[in-house]
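[1] okay, here's the prediction I keep looking at, along with the sequence it came from:
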Amino acid sequence: MKPFHLFTFSPFHSFSNWILFGWLRFKETITEPLPEKCIIALAPHTSNWDFIIGNLYSRARNFHCDFLMKKEWFFWPMGILMRKLGGIPVYRSKQMHSTDIIAEQARQAKSFRLCITPEGTRKAQPEWKKGFYYIALKAEIPILLYGLDFAERRIVCTKTIIPNGDIEAQMQEIKEYYANFKGLHPEQFSV
């Protein structure tokens with residue numbers, strides 16, 4: 001991916017740690033190891049705060065993770081900051097084979113971590129996007145299921161999915177994992 005990432009392995013580590021775990025009082029329950037190559041599925045996604053918490057967490061734990069975000073966030077000058085943070089714009093109107101392109105980048109890269117919100121929107125969406133699954137399947141990398149629970153102020157990752165091609169069964173397994181997490185706006189989350 002990109003050779004330089006703003007705020008990675010810097011003094012922002014301690015500051016992010018203090019903000020997230022001190023001031024905001026979040027806790028973590030992480031049992032899954034973080035491999036060099038993976039998709040991080042983050043849900044529920046009900047607020048722009050999810051982005052802030054996710055970025056604080058990756059900085060606090062000193063790892064870099066790129067993320068997909070709709071192209072509308074990449075206006076000037078915001079686009080410069082988004083790209084430095086690891087943002088990759090998504091052009092929804094174009095017919096592209098972006099899962100193939102991203103999977104190939106993952107295969108070629110020495111290190112590849114990409115965070116995707118499976119719902120694809122902050123509104124209740126029972127039909128989740130499957131692009132994250134196809135990227136992982138094509139690149140032969142695991143999907144780590146990270147939950148963001150605002151009710152308990154907890155970041156959780158206790159399950160890894162190894163894509164096997166049975167997308168319907170594995171998507172159901174993923175949705176069941178996230179069923180009890182409460183987003184900032186729980187009414188906007190649907191499995």
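    On my side now, so go ahead.

[2] identify the bridge partners of the spatially most central residue of the chain.
    The centroid of the chain falls nearest to residue 115 when counting by Cα atoms, centre = their mean (2.5 Å). As for beta bridges, residue 115 partners with residue 40, residue 67 under DSSP bridges.

[3] roughly how far does residue 113 sit from residue 33?
    Counting by Cβ to Cβ, to the nearest Å, the gap from residue 113 to residue 33 is 13 Å. Where C-beta positions appear, they are placed from N, C-alpha and C, glycine not excepted.

[4] more neighbours: these two, which one.
    residue 113 (23 against 10; other Cβ atoms under 10 Å).

[5] and the more buried one, that's in a strand?
    Yes - applying DSSP: H, G, I helix; E, B strand; the rest coil, one finds residue 113 inside a strand.

[6] for it, list the residues it contacts.
    Residue 113 makes contact with 34, 36, 37, 38, 39, 40, 63, 64, 65, 66, according to Cβ atoms under 8 Å, 6 or more residues apart in numbering.

[7] mind giving me the PyMOL command for buried ones among those?
    Of the contacts of residue 113, the buried ones go into a single PyMOL selection, burial set by 16 or more other Cβ atoms under 10 Å:
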select buried, resi 37+38+39+40+64+65+66
